[in-house]
Every structure is written in structure tokens, then in C-alpha cells.
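S.K.: I'll drop the sequence and a predicted model, then ask my questions.
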Amino acid sequence: MSRNAPKPSCEKTVKNAIKSKLLPWFAQNRRDLPWRKNRTPYRVWVAEIMLQQTRVDTVIDYYKRWMKAFPSWRALARAPQPDVLKAWEGLGYYSRARNLHAAAKIITDEYKGNLSNAWKSGPRMNANGRECFQGLEKPKLSHLRKCDNFPRSGETDDQCARSPEMQLRCLPGVGAYTAAAIASLAFGEDAAVVDGNVIRVLCRLFAFGGDTKTAAGKKKMQAWADELMVKGRVGESNEAMMEFGALVCLPKKPKCTECPMQKSCAAFAKGIPDKYPVMKKKKKVPHIVVGAAVTVNRKGEVMIAQRLEGDMLGGLWEFPGGKLEPDETIEECIARELKEELGINVEVGEFLMTVKHAYSHFTMTMHVYFTKIVSGRPRLIHCADYRWVKPANLLTFAYSKADLHVVAKLQGK
Ligand code: SF4
């Protein structure tokens, strides 16, 4: 190493910087977000689930509407699933809404609406009467340890099993990050979170050049986060790290000149902060082409179908159709799909529109055509339900983002 080579940051220096620089920065710069007011476990939970894979700006309005519609665990637990999906409409990753709904029922029925009863009353039992950790029986705790670095250092298996974090993980839709966020923000537990923002900040502070997606890389990130948390103020230090990653230590152009931790940052010292975290080349995302039908009856109503519960976007409504097969025209694809899903023969007519949409693991181009039934009565072959609806009433149902474009077009918006 040359004399002038930058020294890597040590944990002690970074820990001091977090306490003395980052927390004061956060106190001055924290955004005024709706979930930071009147903090209750329910409000924290809803925000954390909505914020997964979704930008803060997008979540704000959804969050406010959700809190009006379902102000408590009990209100959410009592709501019919279509209302819950409708409130989530357009936010994507709909399993989050279904899991939130399922968790509300457990918290209301089993814990009398008080989440901390989850760990006071001991681990949940599965159908065999054995302790259950997110569907895993206790002997498989080793599996969780492997995946998510449980138990935390210094914890016995039993302490881990009875910790709030692990008990939260027994509830639907709660992974390692969400459990730590709820435990620290809503209950003041010493549980350090690791999300994309935290990973970026840690990689830069320590100039970590390893792959953060491997088991070893994840373990390293969690170990640093655990080590660096400010005990007794973990909720605050978690939020500060995430806020700092979102506002200053940005993915592409970190604002190093405004950074309160610049002196402790190894990536800055090397002059290449934006080279961390080291990214592996992304795999090409597959693309699919889809045909969808707006089938109109004599009354001017259009047909919508409800997707099967276990399928992607399950429970949502759509204009029926499906994936284009090799050597098939879009018109043939639409006719085949309607026969397979609803048992009807249709004549494919005028083109309505094309919708392009990106999901997390593929992109889609959907071509939409008007159709009319030439024979057969709709049957539920590969859909949960179907309805004939006047275009003006289509928004009574919940759709995916792609189908919402079709609804808007039919409503002349
Ligand atoms: Fe991030 Fe730059 Fe601060 Fe380092 S100096 S922590 S890269 S903002």
C-alpha cells in the first residue's frame, strides 16, 4: 500500500460518526411524512409494507386514503377482500395487501388487537401444536439462521425464538427487514434494519467491494448494521440511515459535499463513492406479448374476469386474455384465451389500444381488441368470477395498473 493510500474506515470511527453526525443530521432533515405522526404499531406496519419496492412519493396518498378507510387492525380485519384490493389498486405487488389483511385478522383474533401480545403469549403454534416460525417448525430455525442471520449475535436459539422480531416474522408478509423495522420503530427494540439504502451507505462507508447478494454478503451487512446501531436509539438510527440513503447518499450521484459523515467514508477517500455497492451485471428481463379482450354485449356492457387467487395478481379483475404463443396472431391468441378461460367463442374486432408495463421480473406489451361472443355462455374455467359491467361502473372493481389503462380508455379519460 502506498503512503498516500486511503485507510479503510474502522467500525469504531463509523459508529462515532453515526452517533455524533448522522443522528443530529436526521433531527434537522427528517421529512414530515404521514406515518411519522401518531406512531402506532398499526401505522408503522402499514407504512413499512407499502414502502417495500415503492417510492415514498407514491406511498403518501395511498397511505392517507388507507388510514381513512381502515384506521385500525380491527377495521382492516373486518373489511372484505375486494375493498382491501381496491384500496391497494395501482400500488403493485398485491400479495402485500393480502398478507396485511391476513395479518390484521390474526392480530385482531389471536392477540386482541395488541401486537405485543404476540411475544408475551409465546410463539404461535401450527396445526400440529408445534411452535411455528413463518410456517417452519422450531427445528428448522437453522434454516432461518442461514437465510437471515438469526439468531443475532449473543442470542440463544430460545431467546431468538421468543424475540419480538422473530414473533413478527411468524405473521404473513413479514420478512427480516420488515420485522426489524416494526420492532425498532413501533416497540423500541434493538433491531437493526438492512434495506437497499442501508446497504448502499454501509458499502460506501467501508468501501466494501464484495457481492451483497450472496449469503456471506448479506451476513456482513447485517453484522455491520447490528454493530453500528445506537443502542437505546435504534429506531432513530435505523430511520436516519434510511433517510440519509434516500436524500444524500444517492445511488447515482451521492451528495458527498453535503455529507455529515464524509470524513469517515472510505469510498469518498478513494474518490469513487458511486462505484459502491459493486453491482453485478443484471440479467436481461424477459418480455412477453399479451392479447386482451374487451367483450361487449348488446346492452353495451363489457366483460371483466377475476383472476384466480393463487395466480399472479390473484383476486384482481382484468380484461380476459393471455400470452401470445409462437406462430400465433394476436387475434388468434385472444380467441384461444377466451375459449380456454371462459369457454366462449368470440369474433375479434377493432383494435382498441396497446399498453406497455414493467413488472419486477418481466416486461409486457398488451394489445387490446374489442370482441363479441359468437357462441357459448361464459363459464368459470380458468378465472374466479366474471361480470358484465357498464363502462361507467368499471372502477367499482380493483384492477392491475395495466388494466387500469384500458378502463381509462373505455371511460374516455
Ligand atoms: Fe455517501 Fe458520499 Fe457521504 Fe460517503 S461521503 S457516505 S458516499 S454521501
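M.R.: Alright, I've got the coordinates.
S.K.: Residues of the stretch 51-200 of the chain that sit close to the ligand?
M.R.: Contact residues (CB under 6 Å from any ligand atom) of the stretch 51-200 of the chain with the ligand: there are none. The way it works is simple: take the backbone N, C-alpha and C, and place the C-beta from them, glycine included.
S.K.: where along the stretch 51-200 of the chain do the helices fall?
M.R.: Taking DSSP state H, counting those that start in this stretch as the criterion, the stretch 51-200 of the chain carries its helices at 56-69, 73-78, 81-88, 95-110, 117-120, 141-148, 157-161, 164-169, 176-187, 196-205.
S.K.: Present the ones you listed as JSON lines; the columns should include mean neighbour count and mean pLDDT.
M.R.: Below are these laid out as JSON lines (neighbours: other CB atoms under 10 Å; pLDDT from 0 to 100):
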{"stretch": "helix 56-69", "mean neighbour count": "15", "mean pLDDT": "97"}
{"stretch": "helix 73-78", "mean neighbour count": "19", "mean pLDDT": "96"}
{"stretch": "helix 81-88", "mean neighbour count": "18", "mean pLDDT": "95"}
{"stretch": "helix 95-110", "mean neighbour count": "19", "mean pLDDT": "91"}
{"stretch": "helix 117-120", "mean neighbour count": "17", "mean pLDDT": "61"}
{"stretch": "helix 141-148", "mean neighbour count": "15", "mean pLDDT": "49"}
{"stretch": "helix 157-161", "mean neighbour count": "15", "mean pLDDT": "62"}
{"stretch": "helix 164-169", "mean neighbour count": "25", "mean pLDDT": "74"}
{"stretch": "helix 176-187", "mean neighbour count": "24", "mean pLDDT": "89"}
{"stretch": "helix 196-205", "mean neighbour count": "24", "mean pLDDT": "95"}
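S.K.: any chance of those helices in a markdown table, plus distance to residue 387?
M.R.: Below are the helices of the stretch 51-200 of the chain laid out as a markdown table (distance: least, CB to CB, whole Å):
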| stretch | distance to residue 387 |
| --- | --- |
| helix 56-69 | 23 |
| helix 73-78 | 24 |
| helix 81-88 | 12 |
| helix 95-110 | 21 |
| helix 117-120 | 39 |
| helix 141-148 | 42 |
| helix 157-161 | 47 |
| helix 164-169 | 38 |
| helix 176-187 | 35 |
| helix 196-205 | 40 |
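S.K.: so what's residue 337 closest to, chain neighbours aside?
M.R.: Nearest residue to residue 337 in three dimensions, chain neighbours excluded: residue 322, at 3.9 Å (CB to CB, 6 or more residues apart in numbering).
S.K.: That neighbour - that's part of a strand, no?
M.R.: Yes: according to DSSP: H, G, I helix; E, B strand; the rest coil, residue 322 belongs to a strand.
S.K.: need the contact list for it.
M.R.: Contact analysis of residue 322 by CB atoms under 8 Å, 6 or more residues apart in numbering lists 290, 291, 333, 336, 337, 340, 341.
S.K.: so who does the nearest residue to residue 171 once chain neighbours are set aside touch?
M.R.: Among residues not flanking residue 171 along the chain, residue 103 sits closest, at 4.6 Å (CB to CB, 6+ apart). Taking CB under 8 Å, 6+ apart, we find residue 103 in contact with 45, 171, 172, 173, 174.
S.K.: Thought residue 104 was touching the third one, still the case?
M.R.: Put plainly, it is residue 172. No: using CB atoms under 8 Å, residue 172 is not in contact with residue 104, being 9.7 Å away.
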